[in-house]
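[1] Give me the fold of what follows.
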Amino acid sequence: MALPITLSEIGPRISAGAFILNSGLGKRAADDQTAAGLHGFASGTYPFLKNVEPKQFVQLLSTAEIAVGAALLTPFVPTALAGAVLTGFAGGLLGLYLRTPGMRKEGSLAPTEQGLTVAKDVWLLGIGVGLLTRGTVDRGTKRVEKAAKTLAKANKRVSRAERRAERRTARAAA
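    Next comes the predicted model:
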């Protein structure tokens with residue numbers, strides 16, 4: 001049984017997966033001050049997070065990052081699924097960049113000095129979209145290839161049947 005990934009996907013999956021997994025593992029032991037800072041930053045952009053305790057938020061964030069990183073690093077996770085997970089995760093990070101005041105220069109998408117640390121996560125979005133596209137296209141290509149093989153087999157059967165019918169017609173005419 002072949003793995004659901006190709007050789008060209010290994011590099012992007014390892015680079016993004018290891019980066020995110022390491023980040024998630026690093027947050028597991030976050031102290032109260034770190035938890036409060038991360039929570040304050042995220043809840044300022046996503047108000048529904050204000051109802052979550054900072055320590056609980058960091059534990060959830062850590063678990064999510066570990067899950068995303070593990071999904072990318074596990075070759076049995078289909079490419080389209082890994083890409084969808086990474087795209088969603090990166091979209092959330094870029095939402096912080098786009099919605100948080102002071103992250104971007106006035107009237108521009110260009111980052112300020114404070115926004116640079118979050119804006120760089122656009123590479124994760126790029127990898128996620130690439131994996132999602134690759135996985136979706138590959139799946140469609142495999143379906144087309146399977147249909148083409150089925151059609152070729154059917155054409156061979158029809159050709160054999162036509163040749164048999166021609167032989168019978170020729171014998172009957174002789």
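
[2] where's the closest residue to S23 other than its chain neighbours relative to G128, distance?
    The shortest distance from S23 to any non-neighbouring residue, by CB to CB, 6 or more residues apart in numbering, is to E65 (5.2 Å). For every residue, glycine as well, the C-beta is placed using N, CA and C. Look at E65 and G128: by CB to CB, to the nearest Å, they are 14 Å apart.

[3] Show me the helices in this protein, by range?
    All helices of the chain, identified by DSSP state H, fall at 7-27, 32-45, 54-73, 79-99, 116-119, 122-173.

[4] what angle sits between the second one and helix 79-99?
    Per axes from the mean of the first three to the mean of the last three CA atoms, to 10 degrees, the angle that helix 32-45 makes with helix 79-99 is 80 degrees.

[5] now helix 32-45 against helix 7-27, angle please.
    Using the same axes, to 10 degrees: helix 32-45 against helix 7-27 is 120 degrees.

[6] Report the mean confidence score over helix 32-45.
    Helix 32-45 carries an average pLDDT of 93.

[7] ok, now the fourth one?
    Looking at helix 79-99 alone, the average pLDDT works out to 92.

[8] One more: stretch 114-134?
    Stretch 114-134 comes out at a mean pLDDT of 90.

[9] what are the C-alpha coordinates of that stretch, in CSV please?
    Coordinates of each C-alpha in stretch 114-134 appear next as CSV, following Å, rounded to 0.1, in the frame of the first residue of the first chain:
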residue,chain,number,x,y,z
GLN,A,114,5.5,44.7,16.0
GLY,A,115,3.6,42.9,13.2
LEU,A,116,6.6,41.2,11.6
THR,A,117,6.6,38.3,14.0
VAL,A,118,3.0,37.4,13.1
ALA,A,119,3.2,38.4,9.4
LYS,A,120,5.9,35.9,8.7
ASP,A,121,3.3,33.1,9.3
VAL,A,122,2.1,33.8,5.8
TRP,A,123,4.5,31.0,4.7
LEU,A,124,2.4,28.6,6.7
LEU,A,125,-0.7,29.7,4.8
GLY,A,126,1.2,29.2,1.5
ILE,A,127,2.3,25.7,2.4
GLY,A,128,-1.2,24.8,3.6
VAL,A,129,-2.9,26.1,0.4
GLY,A,130,-0.2,24.2,-1.6
LEU,A,131,-0.8,21.0,0.2
LEU,A,132,-4.6,21.4,0.0
THR,A,133,-4.4,22.0,-3.7
ARG,A,134,-1.9,19.2,-4.3
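
[10] Pull out the buried residues from it.
    The neighbour-count check on stretch 114-134 (16 or more other CB atoms under 10 Å) flags 115, 118-119, 121, 124-125, 127-132, 134 as buried.
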